[in-house]
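Asks: Predicted model and sequence follow; I will ask about them next.
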Amino acid sequence: MRYIGDWVVKENYRIHDHYSLLKLTLDKEIPEMMPGQFVQVRVDDSPSTFLRRPISVHFIDRQANELWLLIQIIGDGTRRLAKSRPGDSINLIYPLGNGFSLPEDIFSAPDTNKKLLLVGGGGGVAPLLYLGARLSALNYKPVFLSGARSQNDLLQIDEFRKFGTVYLATEDGSCGEKGFVTNHSILESGDFDYLYICGPKPMMIAVAKYARQHSIPGEVSLENTMACGMGVCLCCVEKTVSGNMRTCIEGPIFNINTLTWQI
Amino acid sequence: MANLNVSIGNLKFKNPVLMASGTFGYGIEFEDLIDLSQIGGIFVKGTTLHPREGNDYPRMAETASGMLNAVGLQNKGVDYFISYIYPAIKNIDTRMMVNVSGSTIEEYVACAEKIDALEKIPAIELNISCPNVKQGGMAFGIDSASAAQVVKAVRKVYHKVLIVKLTPNVTDVTEIAKAVETEGADAVSLINTLLGMAINVEKRKSALSTITGGLSGPCIKPIALQMVYRTSKVVKIPVIGIGGILNWKDAVEFILAGATAIQIGTANFIDPTVSIKTIEGIDNYLNKHGFKSVKELINYEL
Ligand SMILES: Cc1cc2nc3c(=O)[nH]c(=O)nc-3n(C[C@H](O)[C@H](O)[C@H](O)COP(=O)(O)OP(=O)(O)OC[C@H]3O[C@@H](n4cnc5c(N)ncnc54)[C@H](O)[C@@H]3O)c2cc1C
Ligand SMILES: Cc1cc2nc3c(=O)[nH]c(=O)nc-3n(C[C@H](O)[C@H](O)[C@H](O)COP(=O)(O)O)c2cc1C
Ligand code: FES
């Protein structure tokens, strides 16, 4: 079921220059949304942006009836969203797309000892927080590996720590290990049962390559540009082994084996 | 409530608000959000005789008050439509119509013939105006003689309401409209997208894989309105107005300019409930100004 409606901004934490954490609430109970799904956000009062902006579900706080969005400011639309103030109303279409596979979809027998690695790059960590929370609620112990250019771009680390172990990598070495996530020592063992990957495309390709080399299954969350987000415009397609697939409907989560990337 | 009924050929519509092909899928994608039975009619995604994968990504670029697309008629072909999609949509309580495209006249004819057999599809819209395919598509629509040829060939095999969708990428759209009217089109719909382009200066690459694409959205409305106005003055068949309609006011403008019905395209992406709001808005407008029927507005003396 999809919905359209106005949400109210409860809080807007400007994490720093390039990121905002928006906490939105609804006048009724937030319906079921799965980690990896996204919402189509209408951006009002921004003359240069007239299409909606797809943003991942960052977290759902059931107790506070809040949906969190982690916004990386890259253009006019995200800049406008990051300026929202408590009390502002924001129109969303929600929830959209397919969520990440959960252990019950992946493993034939439930086994909470399975090692699940969640790899995020920069703003790409957004969908992984709610995924980690879900996995932790299912008694798994997710491992987060977060990479960014520098310390400032490592986001929501304290939040991630609530749900699992966190490893960090920065390109300038200002926090955690120096280098890309794919150079991180945690990966050396190759001892993981499943990988969840989200971030800039070069990073996702590098991690997908690592997964292939170690025969670890996994999936990525793609951010192809969208117009409708509802499966009708066919603008967001990704080439897969079974032809063009819509990122907004068949994705945004894709198993790495279905993609035609040159890994 | 004013009378919103309009007719195209012998086909009656509940109201003049129709959904444009390629922007409303097969209707069912919007089922959770709106009551489809309130809409006047739906033109489903462009359908071709054979399946088409469409163009490479990127296929979309946002521009000032508009967007460029280069989808390239991706669809699974008419046989797939008949076997898998038609059964799922045939009972939607509105006019469900198919937008038909092709690379050759034979393809248009074969596709139209197959759809003619579908009981719940009372009309087709011949797309001789798609700017995003290498062969056929717009090529047929930019020349009166070839436009007439396609329509003539399809008219022989297609027995229901035949609408022909025109491209604005021509010297004089009224010439093409007259040519297809002569060959038996029941209505013309216009405009399809305008040829356009955008460049990503950081990457020094075109924003679209196909370099050029089709421009739609509110930025094309004045152009579309002018073409609808001029066309409605020279043909006797109904004109369906399309191009940048965002709300009831835009819709009323097109009707006053001469359109019997209108189509909403890109606006569905911004507000999937825009169809319902437009219908309500037209009704309010008619009541407010004392019109009993929307037909009183069509081709108004401006
Ligand atoms: C399924 C999905 C989930 C997403 N989740 C999040 C999220 O949780 N948080 C978040 O901050 N962003 C997310 N994004 C990306 C976000 O939608 C875009 O950054 C946003 O639409 C850009 O809008 P803008 O007006 O700020 O920038 P624009 O002015 O539209 O673009 C500025 C520049 O960024 C480039 N750009 C635009 N869109 C994208 C994109 N999707 N990927 C890469 N480059 C792009 C443009 O080419 C342009 O050069 C997601 C995208 C998708 C498809
Ligand atoms: C993403 C997209 C896909 C489209 N696909 C088709 C199509 O398959 N067949 C067709 O005749 N027109 C197609 N069109 C054109 C629209 O039906 C319409 O003519 C055009 O977008 C102008 O109207 P608008 O400004 O209201 O969008 C498409 C437009 C868009 C934006
Ligand atoms: S964004 Fe329109 S089909 Fe995916």
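Replies: Great, that's in hand. Ligands and ions are numbered 1, 2, ... in the order given.
Asks: If you count neighbours, what's buried in the helix or strand hosting A:R212?
Replies: With elements taken from DSSP states H and E, the one containing A:R212 is helix A:201-213. Applying a neighbour-count criterion of 16 or more other C-beta atoms under 10 Å in any protein chain shown, one finds A:203-208, A:210-211 buried in helix A:201-213. To be clear about C-beta, it is placed using only N, CA and C from the backbone, and glycine gets the same treatment.
Asks: same question, stretch A:140-159
Replies: In stretch A:140-159, residues buried by neighbour count (16+ other C-beta under 10 Å) are A:140, A:142-148, A:152-156, A:159.
Asks: repeat for stretch B:55-64
Replies: Along stretch B:55-64, the positions that meet the burial threshold by neighbour count (16+ other C-beta under 10 Å) are B:55, B:57-63.
Asks: picking up where we left off before, return the closest of the buried residues of stretch A:140-159 with respect to chain B.
Replies: Taking C-beta to the nearest C-beta as the measure, chain B lies nearest A:D153 of the buried residues of stretch A:140-159, at 19.5 Å.
Asks: Surely the closest one and A:G120 touch.
Replies: No: applying C-beta atoms under 8 Å, one finds A:D153 not in contact with A:G120, separated by 10.9 Å.
Asks: distance of the closest residue to B:A123 other than its chain neighbours from A:T247?
Replies: Using C-beta to C-beta, 6 or more residues apart in numbering or on different chains and skipping the chain neighbours, the partner closest in space to B:A123 is B:V161 (3.7 Å). Counting by C-beta to C-beta, to the nearest Å, the gap between B:V161 and A:T247 amounts to 36 Å.
Asks: more crowded one of the two?
Replies: A:T247 (25 against 20; other C-beta atoms under 10 Å in any protein chain shown).
Asks: what's the neighbour count on residue 229?
Replies: Unless you meant another one, I'm taking chain A. Number of residues near A:G229 (other C-beta under 10 Å) recorded here: 29.
Asks: meant chain B, my bad for not saying
Replies: For B:Y229, the tally of surrounding residues (other C-beta under 10 Å) stands at 19.
Asks: burial measure for B:E202, as a count.
Replies: Close neighbours of B:E202, defined as other C-beta under 10 Å, add up to 6.
Asks: neighbours around A:L116, how many?
Replies: The burial metric for A:L116, expressed as a neighbour count using other C-beta under 10 Å, is 23.
Asks: That one touches A:I197, doesn't it?
Replies: No: with contact defined as C-beta under 8 Å, A:L116 does not count as touching A:I197 (11.8 Å).
Asks: If I look at the closest residue to ligand 3 within the stretch 201-302 of chain B, what pLDDT would I see?
Replies: Per C-beta to the nearest ligand atom, the residue of the stretch 201-302 of chain B with the smallest distance to ligand 3 is B:F269, at 7.3 Å. In the prediction, the pLDDT value recorded for B:F269 is 97.
Asks: And for A:M226?
Replies: The predicted local distance difference test score for A:M226 is 97.
Asks: separation between it and A:G77?
Replies: Counting by C-beta to C-beta, the separation of A:M226 from A:G77 is 12 Å.
Asks: And A:L67, by the same measure?
Replies: A:L67 sits 18 Å away from A:G77, taking C-beta to C-beta as the criterion.
Asks: need the contact list for residue 9.
Replies: Reading this off chain A. Shown here is A:V9, whose contacts under the criterion C-beta atoms under 8 Å, 6 or more residues apart in numbering or on different chains are A:22-24, A:84-90.
Asks: um, chain B though
Replies: For B:G9, the set of contacting residues under the criterion of C-beta under 8 Å, 6+ apart consists of B:123, B:161-162, B:186-187, B:238.
Asks: again with A:N65
Replies: The neighbours of A:N65, taking C-beta under 8 Å, 6+ apart as the test, are A:25-26, A:29-30.
Asks: Return the distance of the residue in the stretch 1-150 of chain A positioned nearest to chain B relative to ligand 2.
Replies: Across the stretch 1-150 of chain A, no residue is closer to chain B than A:R2, which sits at 4.2 Å (C-beta to the nearest C-beta). Applying C-beta to the nearest ligand atom, to the nearest Å, the value for A:R2 to ligand 2 is 19 Å.
Asks: Tell me the predicted confidence for that residue.
Replies: Confidence per residue is given as pLDDT, and for A:R2 that number is 96.
Asks: ok, residue 98 - how many residues close by?
Replies: You didn't say which chain, so I picked chain A. Counted by other C-beta under 10 Å, the residues lying close to A:N98 total 17.
Asks: other chain: chain B
Replies: Using other C-beta under 10 Å, the number of residues around B:V98 comes to 28.
Asks: check whether stretch B:172-192 contacts chain A.
Replies: No: with C-beta under 8 Å from any C-beta of the partner chain as the threshold, stretch B:172-192 lies outside contact range of chain A, at a closest distance of 14.9 Å.
Asks: With just CA atoms, put that stretch into CSV.
Replies: Listed in CSV are the C-alpha atoms of stretch B:172-192, where the atom choice follows Å, rounded to 0.1, in the frame of the first residue of the first chain:
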residue,chain,number,x,y,z
ASP,B,172,3.1,23.9,-39.0
VAL,B,173,1.2,21.5,-36.9
THR,B,174,-2.1,22.5,-38.5
GLU,B,175,-1.0,21.0,-41.8
ILE,B,176,-0.4,17.6,-40.2
ALA,B,177,-3.7,17.8,-38.3
LYS,B,178,-5.6,18.5,-41.6
ALA,B,179,-3.8,15.6,-43.3
VAL,B,180,-4.8,13.1,-40.6
GLU,B,181,-8.3,14.4,-40.4
THR,B,182,-8.7,13.7,-44.2
GLU,B,183,-7.6,10.1,-43.6
GLY,B,184,-10.3,9.5,-41.1
ALA,B,185,-8.8,10.3,-37.7
ASP,B,186,-11.6,10.8,-35.1
ALA,B,187,-9.5,13.3,-33.1
VAL,B,188,-6.1,14.7,-32.8
SER,B,189,-4.2,15.1,-29.5
LEU,B,190,-1.3,17.5,-29.1
ILE,B,191,1.3,18.2,-28.1
ASN,B,192,3.9,15.4,-27.6
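Asks: How about the residues of the stretch 51-200 of chain A by ligand 1?
Replies: Remark: the part of the stretch 51-200 of chain A in contact with ligand 1 comprises A:53-56, A:70-72, A:74-78, A:123, A:126, using C-beta under 6 Å from any ligand atom.
Asks: Select only the buried ones of those residues in PyMOL?
Replies: Command for PyMOL, covering only those of these found buried under the criterion 16+ other C-beta under 10 Å:
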select buried, chain A and resi 53+54+55+56+70+71+72+77+78+123+126
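Asks: Using pLDDT, spot the least trustworthy of the residues of the stretch 51-200 of chain A next to ligand 1.
Replies: When it comes to pLDDT, A:G123 is the least confident member of these, at 89.
Asks: and the helix or strand bottoming out on mean pLDDT in chain B with ligand 2, contact?
Replies: Counting by mean pLDDT, DSSP states H and E, chain B has its least confident helix or strand at helix B:138-141, which shows a mean of 83. No: for helix B:138-141 and ligand 2, the contact criterion (C-beta under 6 Å from any ligand atom) is not met; the two come no nearer than 10.1 Å.
Asks: Tell me which residues are up against that helix.
Replies: Counting contacts by C-beta under 8 Å, 6+ apart, the residues touching helix B:138-141 from outside are B:105, B:128-131, B:146-147, B:149-150, B:165-167, B:169-170, B:176, B:192.
Asks: For the closest residue to B:K205 other than its chain neighbours, give me its contacts.
Replies: Closest residue to B:K205 in three dimensions, ignoring its sequence neighbours and counting by C-beta to C-beta, 6+ apart: B:I199, at 7.2 Å. By C-beta under 8 Å, 6+ apart, B:I199 lies in contact with B:205-207.
Asks: Out of those, who's the most crowded?
Replies: Of all these, the highest neighbour tally under other C-beta under 10 Å goes to B:A207, namely 21 neighbours.
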